[in-house]
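> Okay, sequence plus prediction incoming.
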Amino acid sequence: MSLYKIHPIVMGTKIFDKTMMTYQHGYGEQYVIPIYCWYIEGGEQKILVDTGEMNPIQSAEREDAVRGKIYTFEEGLARWNLTPEDIDIVIHTHLHNDHCENDYKCVNAEFYVHEKEMERIHNPHPLDFRYLEDYIEDVEENGQIRTISEDMEILPGIRVIHTPVHTDGGLTVLINTSQGTAAITGFCVIDENFNPPKEIKAMEMDVIPREPMSMCMRHMISCSMLKNRQIY
């Protein structure tokens, strides 16, 4: 069995009102989340999950907020003596801009993307400003994209399942590690979503949804399904 090590690399941050993460709770409270790229170490191929932001803000304030170092794409890969040209495979959880802004630098990589994400990035909902086809035009024109239409194994020990929660073509990447199967989902939750404070539990709410109800319930159900399958 192929086993891998997963290395998260912070390649950007976002600042927003906390209610984006805790639906209708925390109005006016600023919240910062990290944006990750994941280097999957093991085997002969150099593998990434997502590629992060092109020009991340690197400041002491942002790093204090996420409690870690923020890297550019090149700096992050250099930690493992890699360059963008060394990458063989990129698996995309989805194609919102903060997950694919460095794609064009990986000139030798194959990109695995769900077909619904390819449809969406070329025809986004008018209110979803996070799809910007400019970031994938180079790799698309170069024939580097491999579209996925169903759950599949990318390599021995690395497979993807379609999880249309955060986006229509969202993929969860399942990776065999020495400690079990790990899942990289591409959609964000925080501890308070599953462990609300006392004032929320007093309202007989066991969880705090992240998004408007129709989407958030799908989100929480997917997280519960992954948990019940002992994927972490």
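All right, it came through fine.

> Can you pull out the low-pLDDT segments for the chain?
Along the chain, the parts satisfying pLDDT under 70 run over 1, 211-232.

> go again using 90 as the cut-off
Counting by pLDDT under 90, the chain shows low-confidence ranges at 1-2, 16-31, 33, 43, 124-130, 165-167, 185-232.

> where does G12 fall, helix, sheet strand or coil?
The three-state assignment at G12 reads strand, by DSSP: H, G, I helix; E, B strand; the rest coil.

> and it, what does it touch?
By CB atoms under 8 Å, 6 or more residues apart in numbering, the residues touching G12 are 34-35, 52-53, 56-57, 70, 98. The way it works is simple: take the backbone N, C-alpha and C, and place the C-beta from them, glycine included.

> Tell me the one of these nearest I89?
Closest approach to I89 among those (CB to CB): G52, at 15.9 Å.

> Does P8 lie in a helix or a strand, and which?
Secondary structure assigned from DSSP states H and E places P8 in strand 5-17.

> Now do the buried residues in that strand.
For strand 5-17, the neighbour count (16 or more other CB atoms under 10 Å) marks 6, 9-13 as buried.

> possible to save those as TSV with distance to I190?
Below are the buried residues of strand 5-17 laid out as TSV (distance: CB to CB, whole Å):
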residue	distance to I190
I6	20
I9	20
V10	16
M11	19
G12	17
T13	14
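
> Among these, which one sits closest to E74?
Nearest to E74 among those, counting by CB to CB, is M11 at 10.2 Å.

> quick revisit: which of the contacts of G12 fall within strands?
Among the contacts of G12, DSSP state E puts 34-35 in strands.

> Of the contacts of G12 - the most surrounded one?
Ranked by the number of neighbours (other CB atoms under 10 Å), the contacts of G12 place G52 first, at 25 neighbours.
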